[in-house]
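[1] Structure for the following, please:
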Amino acid sequence: MKKILIVEDNELNMKLFYDILKYQNYEPTKAMDGLSGYEKIKNEKFDLIILDIQLPKMTGFQILEKLKEDNFELPPVIIASACAMDEDKKKALEYGIKDYITKPIDINNFVKVVKEKLG
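    From the prediction side, this is the model:
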């Protein structure tokens, strides 16, 4: 079963992501802030990460920057953000992340992108 980390501070979004992934027979894990997300990424093996940008304790981009400094090999990442600003999309591309989903999410599109990323 594919393990997916969801790093999301909004409880309703977290529940939605979690329930969708569980229904699709994935094994989701929750991180409600950036720091706990970073620590889970460093200490556990995931097949995919769903990453919010605006997070308490450490932003999504700060997580990516710190992992890059650590030379950490990331699994595929999907950015899920309420801000669909071009500068955030450009910044995501700098980290090699092409998948950017805006919230509120389109459930069918979300499932399609997750399946594509997991091959």
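
[2] And the helix or strand bottoming out on mean pLDDT in the chain, what's buried?
    Ranked by mean pLDDT, DSSP states H and E, the helix or strand of the chain with the weakest confidence is helix 86-94, at a mean of 86. The neighbour-count check on helix 86-94 (16 or more other C-beta atoms under 10 Å) flags Asp88, Lys89, Lys91, Ala92 as buried. C-beta coordinates here come from the backbone N, C-alpha and C atoms, glycine included.

[3] Stretch 92-112 too?
    Buried residues in stretch 92-112, counted by 16+ other C-beta under 10 Å: Ala92, Tyr95, Ile97, Asp99, Tyr100, Ile101, Thr102, Lys103, Ile105, Phe110.

[4] which one among those gets closest to Glu73?
    Closest approach between those and Glu73, by C-beta to C-beta: Tyr95, at 12.7 Å.

[5] list the helices and strands the longest helix seen in the chain packs on?
    Longest helix in the chain by number of residues (criterion: DSSP state H): helix 11-23. In this structure, helix 11-23 packs against strand 3-7, strand 27-31, helix 107-117, with contacts taken as 3 or more C-beta pairs under 8 Å, 6 or more residues apart in numbering; DSSP states H and E.

[6] Thank you, goodbye.
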